[in-house]
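**Q** here is the input, now give the coordinates:
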Amino acid sequence: MTQSIDKSQKRPLPDFVHLPFRTASHGETAAQLGLITLETDLTIETELRHFIGDSIGTSIGNGQLPTILHSRIACDDQVTAENLTAMTDRFAVTLALFPSNYHFDVVGYGCTSASLLIGEKTVQDIIKSHINVEHVTTPLTALRRALRTIGVKNIGYLAPYISEISAQMCALLEKNGFQICAAATFGEEKDSIVGCIHPHSIFDAVDVLVHQSDTPLDAIFISCTSLKCATIIQEAESKHGIPVISSNSAIAWDMARLANLDVPPAGKGLLFNQN
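**A** Numbers count the residues shown, from 1 in each chain. Next up, the predicted model:
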């Protein structure tokens with residue numbers, strides 16, 4: 001027999017005790033990181049958590065996990081120089097979606113090719129003119145810092161996109177003192193498809209670069225934040241005995257370095273073993 005419940009006989013709610021609190025000062029909070037992600041990018045947010053999501057603050061944050069806030073910027077799925085540079089005028093809308101009057105230790109802009117075409121200094125100036133941030137970095141900025149830190153010169157270069165943009169990037173790296181000894185592309189021009197390229201295909205492409213180069217390679221760079229590289233970096237390094245750096249591993253490493261984060265290096269590649 002089912003017993004009916006008289007809904008009018010409700011237990012009275014307890015009286016709420018009002019408790020005091022204080023807000024944390026900047027020196028008491030974890031590192032505050034921001035990431036500007038392309039509308040079409042399927043990868044960078046997940047890989048940023050892989051590379052630095054388990055890190056803790058040192059001089060900033062008193063041992064707390066970092067805060068990572070994201071905002072997306074409108075962009076066309078078709079990767080062309082015109083579509084990439086069109087993002088220049090879209091930063092203001094994207095940056096306005098971050099919490100107002102928020103202080104960031106570091107903000108990263110998650111597009112390697114657009115950083116090249118718009119200009120790293122221009123990206124930095126635009127971001128700093130709209131939000132309160134100490135440091136701004138891009139995958140391209142981070143890459144050059146990473147290559148200098150690990151002390152390499154002869155580079156294998158892999159990109160998913162058209163050779164015109166990739167050729168400009170290689171030229172910039174050469175101008176900065178690095179030698180591009182082998183280069184390859186998947187020849188795909190849609191970002192939504194690039195984000196679905198299987199990591200095994202990326203691993204196989206690294207093999208091709210190593211074997212096609214007449215000069216022994218010191219490192220491999222995999223360009224594009226949409227490419228899913230996190231799961232193959234350590235395996236590729238173990239096979240070939242050289243550092244493998246992706247756009248995402250580079251920007252994550254640089255953001256962590258700028259924010260004084262202590263990043264556990266296991267499973268993240270040789271770059272994260274650098275002091």
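
**Q** contacts, neighbours, all on C-alpha from now
**A** OK.

**Q** would you mind measuring from residue 185 to residue 143?
**A** Taking Cα to Cα, to the nearest Å as the measure, residue 185 falls 18 Å from residue 143.

**Q** one more: residue 232?
**A** Shown here: residue 232 relative to residue 143, a distance of 18 Å by Cα to Cα.

**Q** neighbour count for these two, which is higher?
**A** residue 143 (24 against 19; other Cα atoms under 10 Å).

**Q** need the nearest residue in space to the more buried one, chain neighbours excluded.
**A** Once its chain neighbours are removed from consideration, residue 143 has its nearest residue in residue 250; the separation is 5.4 Å (Cα to Cα, 6 or more residues apart in numbering).

**Q** so residue 134 lies in a strand, does it not?
**A** Yes. Looking at residue 134 with DSSP: H, G, I helix; E, B strand; the rest coil, it is inside a strand.

**Q** so the most centrally placed residue in the chain is in which element?
**A** Centre of the chain computed as the mean C-alpha position; nearest residue by Cα atoms, centre = their mean is residue 248, 4.0 Å away. According to DSSP states H and E, residue 248 maps onto helix 247-258.

**Q** contacting residues around the residue nearest to residue 143?
**A** 139, 142, 143, 146 (Cα atoms under 8 Å, 6 or more residues apart in numbering).

**Q** report pLDDT for it.
**A** According to the model's per-residue confidence, residue 250 sits at a pLDDT of 98.

**Q** direction included, what does the helix or strand bottoming out on mean pLDDT in the chain pair up with?
**A** Of all the helices and strands that make up the chain, the one with the lowest confidence by mean pLDDT, DSSP states H and E is strand 56-57; it has a mean of 76. Based on DSSP bridges, the pairing partners of strand 56-57 within the sheet are strand 261-262 (antiparallel).

**Q** make sure residue 72 is indeed in a strand.
**A** Yes. With three-state DSSP as the criterion, residue 72 is located in a strand.

**Q** all helices for the protein, in order.
**A** Per DSSP state H, the chain has helices spanning 44-52, 81-85, 91-95, 112-118, 120-130, 139-150, 163-175, 191-194, 199-212, 233-240, 247-258. These are given in chain order.

**Q** the last one versus helix 139-150: what angle between them?
**A** Here the directions of helix 247-258 and helix 139-150 differ by 70 degrees (axes from the mean of the first three to the mean of the last three Cα atoms, to 10 degrees).

**Q** what comes up buried for helix 247-258?
**A** Neighbour counts using 16 or more other Cα atoms under 10 Å place 247, 248, 249, 250, 251, 252, 253, 254, 255, 256, 258 of helix 247-258 among the buried residues.

**Q** domains for the protein, by residue range?
**A** The domain map for the chain lists 28-138+252-273, 142-247, with the assignment taken from automatic domain parsing.

**Q** what about the last one, average pLDDT?
**A** Right, the one you point to is domain 142-247. When pLDDT is averaged over domain 142-247, the result is 96.

**Q** the helix holding residue 248 to helix 233-240, inter-axis angle?
**A** Regarding helix 247-258 and helix 233-240, their directions subtend 110 degrees when assessed with the same axes, to 10 degrees.

**Q** what angle do helix 247-258 and helix 44-52 make?
**A** Angle of helix 247-258 versus helix 44-52, following the same axes, to 10 degrees, is 50 degrees.

**Q** next, count neighbours for residue 66.
**A** Quick note: residue 66 (other Cα under 10 Å) scores 22 neighbours.

**Q** just the pLDDT for it.
**A** We have a pLDDT of 89 for residue 66.

**Q** residue 255 versus that one, what's the distance?
**A** For residue 66, the distance to residue 255 (Cα to Cα) stands at 11 Å.

**Q** ditto for residue 246
**A** Distance from residue 246 to residue 255, by Cα to Cα: 14 Å.

**Q** please apply the same query to residue 238.
**A** 25 Å.

**Q** any idea which of the helices of the chain is most buried?
**A** Each of these was scored by mean neighbour count; the highest is helix 247-258, a mean of 26, by mean count of other Cα atoms under 10 Å.

**Q** any low-confidence regions in the stretch 1-150 of the chain?
**A** By pLDDT under 70, the low-scoring segments of the stretch 1-150 of the chain are 1-9, 58-63.
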